[in-house]
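Asker: sequence and predicted structure below; questions after.
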Amino acid sequence: MKRRYDAIVVGAGPAGSTCARILAKNKLRALLLEKHAVIGQPLCCAEGISYSGLTSFVVPRKEWISSHIEKVVLVSPNGEKSRINHPEAGFVLNRKIFDRDLALMAESAGADLKTCADVIGLLKEQDGSVKGVRVQEKNKIVDYQARVIIGADGIESQIGKWAGLNTILPSEKIESCAQYLLEDVKLENDCTEFYLGKKIAPGGYVWVFPKGENRANAGVGIAPHISSRKAIDYLNDFVKYRFNHFHIREKMMGGVPVFDKNNCLVKRNVLLVGDAGRIVDSLSGAGIYNAMLSGKICATVVSQYLKSGNLPLSFLKNYHKELMEIRGRELRFYAYCRALYLKLTDKDFNLIVSFLKSYFKDEEVKSINPISIIKAILKFNPKMLLLAKHLVW
């Protein structure tokens with residue numbers, strides 16, 4: 001049994017599998033560990049991703065796609081709707097198949113893949129440097145050694161904590177989420193729905209993502225520090241309001257971290273990717289694209305370090321630097337917008353949806369620049385500009 005590797009990746013989600021695949025393609029010995037028996041399960045994701053977000057990394061496969069999204073509807077607290085016609089908006093994935101295939105692609109590239117492999121600790125030298133991981137594999141404990149350890153173990157990342165990175169998430173830095181996979185529902189199979197408002201989802205929003213064959217992901221995300229109820233309570237109210245008839249096939253609970261520009265993603269030879277590194281769009285909660293991007297950049301930097309043979313350990317910090325150069329501005333901007341979003345009232349949401357209705361005019365759009373739209377909304381509403389001046393970006 002092989003026990004020594006160049007790099008070990010903990011967690012076979014989109015971030016970890018992307019990272020392991022690129023490491024393997026670069027002719028490095030990579031081990032990809034997944035604690036669950038079945039990759040992609042249990043699921044805790046709305047499963048939406050933009051067209052460009054997916055195709056930037058892989059060629060989409062038919063079996064990954066539950067629905068092609070061509071329309072987006074925003075619903076205000078007073079019921080007004082803004083409809084955006086965007087033929088290449090994106091996809092609702094089948095994450096159970098998608099995640100599995102990404103891991104198998106890493107394995108096909110040459111990475112070793114192990115499921116039912118729960119990392120229970122880091123192996124450290126006397127000076128505190130990390131030399132590997134200790135893994136619970138069914139009824140035995142196995143140690144694996146590597147020069148670099150990559151934590152892709154999600155919002156509850158233990159790899160980062162054990163390495164000495166600050167992974168604590170205070171209540172104001174997390175979104176609490178609940179989602180149902182519904183069957184026997186009536187909706188447009190190419191249209192996502194978003195519902196805004198303090199009463200329906202304080203500090204967040206409600207989503208309906210079609211999955212084809214009269215199925216949909218209906219979920220809610222809230223900011224728990226400003227809510228007196230649980231996410232599941234808001235979700236139960238919503239599905240009864242939105243659908244005359246439905247059947248709950250699956251229930252999902254979880255959280256989404258908020259990006260923090262002060263987070264460090266590298267500690268000596270331990271690096272964090274995806275949700276483990278809080279690399280998330282803090283306004284929408286979107287994480288799949290950011291996960292794959294961070295996995296790709298991490299693998300590229302780690303490959304350069306390992307193949308060179310003479311670069312200092314500090315070279316690995318280039319992962320954080322390069323990720324922030326490529327994506328940092330957007331991540332910081334969305335975190336800033338979330339701080340503003342938390343202060344909005346239902347009246348503000350009504351005005352925003354009304355503005356967007358006139359902004360898009362029900363015309364077909366070829367592309368959407370979220371930052372430009374958000375800036376247009378801020379300019380449209382003087383109150384929001386006033387609030388924005390009192391927030392630190």
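Answerer: Done, it's in. Given the structure is predicted, the values throughout are model-derived calculations rather than measurements.
Asker: which residues touch stretch 243-257?
Answerer: Contact with stretch 243-257 is made by 42-45, 155, 169, 173-186, 215, 218-219, 221, 231-232, 239, 275, 278, 280, 285, 287, as judged by C-beta atoms under 8 Å, 6 or more residues apart in numbering. C-betas here are computed from N, CA, C, even on glycine.
Asker: one more time with 7 Å, if that's ok
Answerer: Defining contact as C-beta atoms under 7 Å, 6 or more residues apart in numbering, one finds that stretch 243-257 is touched by 43-44, 155, 169, 173-185, 221, 239, 275, 278, 280, 285, 287.
Asker: and if you look at stretch 28-45?
Answerer: The set of residues that contact stretch 28-45 without belonging to it, under C-beta under 7 Å, 6+ apart, is 5-12, 16-17, 20, 23-24, 95-96, 99-100, 103, 106, 111-119, 135, 144, 146, 252, 254, 303, 306.
Asker: generate a ChimeraX selection restricted to the buried subset of those.
Answerer: Written as a ChimeraX command, the selection of buried residues from these, which uses 16 or more other C-beta atoms under 10 Å, is:
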select :5,6,7,8,9,10,11,12,16,17,20,23,24,95,96,99,100,103,106,111,112,113,114,117,118,119,135,144,146,252,254,303,306
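Asker: just to be sure, which of the contacts of stretch 28-45 are found in helices?
Answerer: Using DSSP state H to define helices, the subset of these located there is 16-17, 20, 23-24, 95-96, 99-100, 103, 106, 303, 306.
Asker: ok, which pair from those residues is furthest apart?
Answerer: Of all pairs drawn from the ones in helices among the contacts of stretch 28-45, the one with the largest separation by C-beta to C-beta is Lys96 and Leu306; the distance is 32.1 Å.
Asker: now for the residue nearest to Met105 when sequence neighbours are not counted: which residues touch it?
Answerer: Closest residue in space to Met105, ignoring its immediate chain neighbours: Arg21 at 5.4 Å, by C-beta to C-beta, 6 or more residues apart in numbering. By C-beta under 7 Å, 6+ apart, Arg21 lies in contact with 105-106, 109, 111.
Asker: pick the one among those residues closest to Glu364.
Answerer: Of all these, Glu364 sits closest to Met105, with 34.3 Å by C-beta to C-beta.
Asker: tell me how many other residues crowd the closest one.
Answerer: Counted with other C-beta atoms under 10 Å, residues neighbouring Met105 total 17.
Asker: got a pLDDT number for it?
Answerer: Turning to Met105, the model gives it a pLDDT of 98.
Asker: inside helices: which ones of the contacts of stretch 243-257?
Answerer: Taking DSSP H, the ones among the contacts of stretch 243-257 that sit in helices are Val239.
Asker: which of the contacts of stretch 243-257 count as buried?
Answerer: Among these, those scoring as buried are 43-44, 155, 169, 173-183, 185, 221, 239, 275, 278, 280, 285, 287 (criterion: 16+ other C-beta under 10 Å).
Asker: distance of the most centrally placed residue in the chain relative to Cys191?
Answerer: For the chain, the residue nearest the mean C-alpha position is Gly287 (1.8 Å; C-alpha atoms, centre = their mean). Taking C-beta to C-beta, to the nearest Å as the measure, Gly287 and Cys191 are separated by 22 Å.
Asker: now Asn166
Answerer: 41 Å.
Asker: more neighbours: those two, which one.
Answerer: Neighbour count, other C-beta under 10 Å: between Asn166 and Cys191, Cys191 has more, with 19 against 12.
Asker: what's the burial count for the closest residue in space to the more buried one that isn't next to it in sequence?
Answerer: What sits nearest to Cys191 in space, not counting adjacent residues and going by C-beta to C-beta, 6+ apart, is Lys71, at 4.0 Å. Neighbourhood size, Lys71 [other C-beta under 10 Å]: 16.
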